[in-house]
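> Just a sequence and a predicted model for now, questions to come.
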Amino acid sequence: MAFSADELRVLRRALAIALHPMPLSDEDVQDCLRLAGSVDEAVGEAGRLRAFLLADLARYRNALPGSVTGYLELLQDALAAGYDPRPDDLAALRALRGRPLAATLLERCQVLAERSVRARLAGRSARLAGRSAGLAAPGPRSRLLALPGGRAADREPDRPRTPAAPDSPRKPGDRPMPKPSEVFPPRRRPAPPPSEERAAG
């Protein structure tokens with residue numbers, strides 16, 4: 001990721017503020033927020049490009065052997081971008097190792113695959129050790145929402161709220177508002193007429 005001269009100036013200022021907190025002007029706060037937004041946008045764009053590259057790689061791999069040239073070029077680009085080769089890639093390269101480039105890529109991918117498996121196993125064992133020791137894993141990085149010493153430093157400290165005054169006692173003549181059920185009592189159902197048997201008895 002490359003930064004412009006203005007972005008580098010803002011980044012240096014933000015790092016200096018992080019090391020030595022001090023009040024910030026509104027302009028500095030806005031510059032830091034703009035820089036954080038630009039970094040988030042660049043990270044999102046890099047993720048979209050990576051997903052597009054991996055989708056292309058899978059398409060070319062499924063079209064082998066007819067797409068061998070394009071597949072090998074895309075695999076080189078993906079490896080340069082930090083891609084961990086999958087078992088499908090290793091199988092495809094073994095089938096193509098008659099080509100010098102494919103043989104070279106196969107050796108490189110085998111080394112990367114072994115390193116990736118070892119890192120996953122080490123990470124799993126570290127997580128298990130952390131759980132047994134009762135350690136919590138750190139959460140993901142959250143977005144920058146505020147800077148120390150920003151506009152909040154200019155605000156006055158919150159004053160304690162005064163308790164609300166108690167309700168004044170009612171005068172003897174005052175009556176509370178009646179409820180609807182008191183004004184309109186519920187209707188009583190009419191009693192059923194006496195049955196004919198009782199009349200005859």
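Alright, I've got the coordinates.
> Have a look at this protein and report its longest helix.
For the chain, the helix with the greatest residue count under DSSP state H is helix 26-62.
> Please point out which parts of that helix sit buried.
Judged by neighbour count (16 or more other CB atoms under 10 Å), helix 26-62 contains these buried residues: 28-29, 31-33, 35-36, 57, 60-61. For the C-beta atoms, the positions are set from N, CA and C on the backbone; glycine is no exception.
> Give the other helices and strands that it contacts.
helix 5-19, helix 68-80, helix 87-95 (3 or more CB pairs under 8 Å, 6 or more residues apart in numbering; DSSP states H and E).
> so what secondary structure elements neighbour the shortest one?
Contact here means 3+ CB pairs under 8 Å, 6+ apart; on that basis helix 87-95 packs against helix 26-62, helix 68-80, helix 100-132.
> how about those helices in a markdown table, adding distance to A18?
Converted to a markdown table, the helices and strands packed on helix 87-95 look like this (distance: least, CB to CB, whole Å):
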| stretch | distance to A18 |
| --- | --- |
| helix 26-62 | 10 |
| helix 68-80 | 32 |
| helix 100-132 | 27 |
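> could those be laid out in TSV, adding mean pLDDT?
Listed next are the helices and strands packed on helix 87-95 as TSV, based on pLDDT from 0 to 100:
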stretch	mean pLDDT
helix 26-62	85
helix 68-80	90
helix 100-132	83
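> Which one, of those helices, ends up nearest to L19?
helix 26-62 (14.2 Å; CB to CB).
> and the angle from the closest one to helix 5-19?
Following axes from the mean of the first three to the mean of the last three CA atoms, to 10 degrees, one obtains 110 degrees for the angle between helix 26-62 and helix 5-19.
> what angle do helix 26-62 and helix 87-95 make?
50 degrees.
> and the angle from helix 26-62 to helix 68-80?
Relative orientation of helix 26-62 with respect to helix 68-80: 140 degrees, computed using the same axes, to 10 degrees.
> Can you check which of the helices and strands packed on helix 26-62 gets nearest to R120?
helix 87-95 (13.9 Å).
> wait, what's in contact with R61?
67, 71, 88-89, 92 (CB atoms under 8 Å, 6 or more residues apart in numbering).
> Kindly report the same for D31.
10, 13.
> just the one 10 residues further on next, same as before
When contacts are counted by CB under 8 Å, 6+ apart, E41 is found next to no other residue.
> That one and A14: what is the separation?
17 Å (CB to CB, to the nearest Å).
> so which of the contacts of R61 comes closest to A113?
Relative to A113, the closest of these is D89; by CB to CB it sits at 8.5 Å.
> Would you check that that closest one makes contact with L72?
No: look at D89 against L72 with CB atoms under 8 Å: they stay out of range, at 10.6 Å.
> Pick out whichever of the two has more residues nearby.
Taking other CB atoms under 10 Å, D89 and L72 do not tie; D89 has more neighbours (23 against 19).
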